[in-house]
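# Task: produce atomic coordinates for the following.
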Amino acid sequence: MSFDSGTAFIDELKRRLTLPLPGSEAQWLMAASHRGSKSFDFTFNNPPVKSSVLITLFRRGNDFYFPLIQRPEYGGIHSGQIGLPGGKEEHHDKDRIATALRETAEEIGVNSERIEILGKLSELYIQASNYSVLPVIGYLHEIPEYHPDSTEVSDVIECGLTQLVKDDIKKEKELIIRNNIKIIAPYFEIGNSMVWGATAMILSEFVTILKEIY
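Below you'll find the model as predicted:
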């Protein structure tokens, strides 16, 4: 089934998400690994912070797209990185699907009432930040108008599914992160952006599912 089949593709994706997921095997295809004598040392005294992100699909022409966000430059671990809209669960959220919808509305101004939830991907623990992330997939029944929150989002980047499933956008690069640790980071080259880390791992599982039904 091709992406230009319209809502038939959305129905098939929704059906596929009710079945067993590819899980960590697909996620770890895009996981970073360290190089050299220094290695990661993440120790936390608290349980993982529950959070969620949203892959918001919408149709434009003969393809489906979803928005990614670029974080502003700041002193934190995710400074300047490309990710999916989302954040930590708040006490007033009904569940983590509600968290994903709320965060998407807050961060990029998309009308969450127009988003149909299709399903979820496998939960992913992010060791560097002690977050446990639930990826949610939704379908927006219109082309979005973005109103990004400038304190959390410096840019909105769209990715088409036709582009996402191409093998040639998967690359890798050596990076030096905090404490001068060298890592080899697989990434998706989307436009001029490098999408790596947890977001790349989430998208890796999504790509695996897309290739099953594409």
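# so which helix or strand takes in the nearest residue to residue 103 once chain neighbours are set aside?
Spatial nearest neighbour of residue 103, excluding adjacent residues (C-beta to C-beta, 6 or more residues apart in numbering): residue 87 at 4.3 Å. C-beta here means a position set from N, CA and C on the backbone, and glycine is covered the same way. Assessed by DSSP states H and E, residue 87 sits inside strand 86-88.
# tell me what the helix or strand following that strand is packed against?
Next helix or strand after strand 86-88 toward the C-terminus (DSSP H and E): helix 96-108. Here helix 96-108 touches strand 49-60, strand 63-70, strand 86-88, strand 115-120, strand 131-140, going by 3 or more C-beta pairs under 8 Å, 6 or more residues apart in numbering; DSSP states H and E.
# Give me the sheet partners of the last one and which way each runs.
It stands for strand 131-140. strand 49-60 (parallel), strand 115-120 (antiparallel), strand 124-126 (antiparallel) (DSSP bridges).
# Tell me which residues are up against that strand.
The contact list for strand 131-140 (C-beta atoms under 8 Å, 6 or more residues apart in numbering) reads 10, 13, 17, 48-58, 84, 86, 88, 96-97, 100-101, 110-111, 114-126, 198, 202, 205-206.
# What's the separation between residue 14 and residue 90?
27 Å (C-beta to C-beta, to the nearest Å).
# ok, these two, which is more surrounded?
Comparing residue 14 with residue 90 by other C-beta atoms under 10 Å, the one with more neighbours is residue 14, at 15 against 11.
# if we can go back for a sec, just the buried members of the contacts of strand 131-140?
Those of the contacts of strand 131-140 that meet the buried threshold are 10, 13, 50-58, 84, 86, 96-97, 100-101, 110, 115, 118-124, 126, 198, 202, 205-206, by 16 or more other C-beta atoms under 10 Å.
# Quick one: mean pLDDT over whichever helix in the chain runs longest.
Taking DSSP state H as the criterion, the chain has its longest helix at helix 198-213. What helix 198-213 shows for mean pLDDT is 97.
# orientation of it relative to strand 131-140 in degrees?
Counting by axes from the mean of the first three to the mean of the last three C-alpha atoms, to 10 degrees, helix 198-213 lies at 50 degrees to strand 131-140.
# Any buried residues in helix 198-213, and which?
Across helix 198-213, burial judged by 16+ other C-beta under 10 Å covers 198-210.
# How about stretch 149-159?
So stretch 149-159, judged by 16+ other C-beta under 10 Å, has buried residues 152, 153, 156, 159.
# what's the answer for stretch 65-74, then?
In stretch 65-74, counting by 16+ other C-beta under 10 Å, buried: 65, 66, 67, 68, 69, 70, 71.
# and what of stretch 102-111?
Buried positions in stretch 102-111, judged by neighbour count with 16+ other C-beta under 10 Å: 102, 103, 104, 105, 106, 107, 108, 109, 110.
# Just the mean pLDDT for that stretch, thanks.
For stretch 102-111, the per-residue pLDDT values average out at 96.
# Also stretch 125-143?
On average, stretch 125-143 scores 94.
# ends of that stretch, how far apart?
31 Å (C-alpha to C-alpha, to the nearest Å).
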